[in-house]
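Engineer: Here is my input; please provide its structure:
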Amino acid sequence: MTTDLAGLPTPTLLLDRSRLVRNITRIAERARGLGVRLRPHVKTHKCLEVARLQEAAGAAGLMVSTLAEARTFAAHGFRDLVYGVPIESGKFDAVRSLVAQGVRLGVLVDALEVSAPLGAMARAAGVGIDVWIKVDTGYGRCGVAADGPALPALAEAVGGHPGLRFAGLLTHAGHAYHARGAAAVRAIATEERDQMLTARAALRAVGIDTPVLSLGSTPTLTHVDHFDGIEEVRAGNYVFFDVAQATIGSCTREDTVLSVLAAVVHRDQSAGRLVVDAGGIALSKDRGAVDLEPATGYGELLDLEGRDLGLRLDSLSQEHGVVTAVDPAARAMVASLPVGSRVRIRVNHSCLTAAQHGAYVVHDGVCVVDRWVNHRGW
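Structural biologist: Numbers count the residues shown, from 1 in each chain. Predicted structure coming up:
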């Protein structure tokens with residue numbers, strides 16, 4: 001492998017190792033200071049080396065977004081996992097296989113119709129399965145209400161099956177990604193925490209003990225004032241951060257870890273236009289926090305040393321990214337980048353961009369130091 005960024009093929013996914021370690025250390029210390037266990041969500045990186053750094057910093061278990069992730073991480077010594085998508089019968093066999101191997105794999109439910117067949121499968125296989133009930137604290141995607149009748153009914157159903165263990169209540173405040181400013185994110189974090197405490201009280205009122213309350217999102221973890229009464233927090237994006245997180249105030253742009261190396265393949269100085277060889281397949285077409293910053297584009301251009309060039313990708317096709325410069329400073333920058341120039345693109349959404357690539361090229365400054373595999377698939 002080449003020893004410097006300029007010699008790499010394009011497009012290539014780059015990972016800044018020193019920033020990565022700094023982010024992992026800082027968020028681990030924040031979780032400890034707030035008195036909660038940190039269970040990282042590995043969907044962001046899907047990478048064993050990153051997970052090992054998180055474990056060394058004190059992480060307690062992992063959350064996965066696919067069963068392929070569960071198999072990979074379990075095979076490499078990570079045995080305390082939670083699968084973060086509500087379970088359905090088509091995945092029962094995969095869950096049974098992992099649990100039978102001694103993996104503590106928790107699953108999510110939010111529907112009564114799943115608990116009975118899940119319990120029957122566990123009993124027939126002679127295994128015990130940890131079951132988390134998903135609570136909707138405002139995101140509106142999945143889960144039951146914290147104060148509605150579905151929660152105690154579901155908890156009773158889960159507890160009534162000998163093959164199932166009620167592990168606790170779990171939520172994700174994904175709507176924090178659309179909040180405007182730190183105060184708004186903190187308000188969502190407060191509501192998320194308080195609703196989960198309400199849910200625990202509702203179950204206690206009918207004689208059901210809740211072992212763990214698990215909350216999670218990078219914005220709420222970075223902005224919350226306290227987690228009193230909460231045992232566990234989950235977050236994923238914090239390892240890499242991205243332009244979207246910087247826009248909502250979870251980090252600064254100097255905290256962002258990932259970029260995509262690209263080459264200028266076309267330049268029209270009269271139009272102030274550049275085309276690079278990184279499009280939707282290399283970057284994803286996520287525009288990030290576009291509701292907060294309408295001109296966000298599809299990524300920000302940097303030089304090889306990571307300095308901001310003041311240019312953004314305005315449009316993407318499958319393999320092409322386009323910059324159209326308007327103001328004089330931006331047009332001057334376009335004029336300084338002939339065909340063949342290398343640039344780095346700071347990404348809008350690191351989770352989706354990482355999932356476009358099979359590996360990370362790890363660097364310190366402009367020096368390449370390693371290559372880490374991204375374990376993708378379902």
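Engineer: So which residues of the stretch 51-200 of the chain form strands?
Structural biologist: 62-64, 80-86, 104-109, 129-136, 144-145, 164-170 (DSSP state E, counting those that start in this stretch).
Engineer: err, the stretch 201-350 of the chain, not the other one
Structural biologist: 213-216, 232-235, 258-268, 273-276, 300-302, 308-312, 315-316, 321-324, 342-346.
Engineer: For the residue found closest to His178 once you drop the neighbours it is linked to in the chain, the count of nearby residues, please.
Structural biologist: The spatial neighbour of His178 that comes closest, neighbours along the chain excluded (CB to CB, 6 or more residues apart in numbering), is Asp291 at 6.0 Å. Every C-beta, even on glycine, is put in place using the N, C-alpha and C of the backbone. Neighbourhood size, Asp291 [other CB atoms under 10 Å]: 12.
Engineer: Pull up the gap between the residue of the chain most remote from its centre and Gly33, please.
Structural biologist: Here the chain reaches farthest from its C-alpha mean at Ser270, the gap being 40.6 Å by CA atoms, centre = their mean. Distance, Ser270 to Gly33, by CB to CB, to the nearest Å: 55 Å.
Engineer: Just put the strands of the stretch 201-350 of the chain in a markdown table and tack on distance to Phe241 and mean pLDDT.
Structural biologist: What follows is the strands of the stretch 201-350 of the chain, written out as a markdown table (distance: least, CB to CB, whole Å; pLDDT from 0 to 100):
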| stretch | distance to Phe241 | mean pLDDT |
| --- | --- | --- |
| strand 213-216 | 16 | 95 |
| strand 232-235 | 11 | 98 |
| strand 258-268 | 8 | 98 |
| strand 273-276 | 22 | 98 |
| strand 300-302 | 13 | 98 |
| strand 308-312 | 15 | 97 |
| strand 315-316 | 21 | 96 |
| strand 321-324 | 21 | 97 |
| strand 342-346 | 10 | 98 |
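Engineer: in the protein, which spans are helices?
Structural biologist: Assignment of helices within the chain using DSSP state H yields the ranges 17-33, 48-56, 67-75, 92-100, 112-125, 150-159, 182-205, 218-223, 243-248, 280-283, 328-335, 350-354.
Engineer: looking at the ones you listed, which is buried most?
Structural biologist: Mean neighbours per residue, mean count of other CB atoms under 10 Å, is largest over these for helix 218-223, with a mean of 26.
Engineer: to the chain's geometric centre, what's the distance from it?
Structural biologist: Centroid displacement of helix 218-223 relative to its chain, using CA atoms, centre = their mean, to the nearest Å, is 12 Å.
Engineer: Same check on stretch 85-97?
Structural biologist: The answer for stretch 85-97 is 22 Å, by CA atoms, centre = their mean.
Engineer: Residues touching it, excluding its own?
Structural biologist: With CB atoms under 8 Å, 6 or more residues apart in numbering as the test, stretch 85-97 has contacts from 65-67, 70-71, 83, 105, 107-111, 114, 117-118, 121-122, 125, 127, 129, 134, 142.
Engineer: Equivalent analysis for stretch 365-375, please.
Structural biologist: By CB under 8 Å, 6+ apart, stretch 365-375 touches 1-6, 8, 13, 15, 17, 45-50, 68-69, 72-73, 304-305, 354-355, 357-363.
Engineer: again, 7 Å this time
Structural biologist: Stretch 365-375 is contacted from outside by 1-5, 17, 46-47, 49, 69, 72, 304-305, 354, 357-363, using CB atoms under 7 Å, 6 or more residues apart in numbering.
Engineer: Which PyMOL command selects the buried ones in the residues you listed?
Structural biologist: Entered in PyMOL, the line below selects the buried ones among the contacts of stretch 365-375, by 16 or more other CB atoms under 10 Å:
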select buried, resi 5+17+46+47+49+69+72+304+354+357+360+361+362+363
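Engineer: To Ser336, which of the strands of the stretch 201-350 of the chain lies closest?
Structural biologist: strand 308-312 (8.7 Å; CB to CB).
Engineer: which secondary structure elements does that closest one contact?
Structural biologist: strand 300-302, helix 328-335 (3 or more CB pairs under 7 Å, 6 or more residues apart in numbering; DSSP states H and E).
Engineer: Distance to Leu313 added to these, as a markdown table?
Structural biologist: Listed next are the helices and strands packed on strand 308-312 as a markdown table, based on distance: least, CB to CB, whole Å:
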| stretch | distance to Leu313 |
| --- | --- |
| strand 300-302 | 7 |
| helix 328-335 | 13 |
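Engineer: among those, which is nearest Arg193?
Structural biologist: It's strand 300-302; of these, that one is closest to Arg193 (CB to CB) at 33.2 Å.
Engineer: Could I get the strands of the stretch 201-350 of the chain in CSV, plus columns for mean neighbour count?
Structural biologist: Below are the strands of the stretch 201-350 of the chain laid out as CSV (neighbours: other CB atoms under 10 Å):
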stretch, mean neighbour count
strand 213-216, 24
strand 232-235, 24
strand 258-268, 20
strand 273-276, 24
strand 300-302, 22
strand 308-312, 18
strand 315-316, 18
strand 321-324, 22
strand 342-346, 24
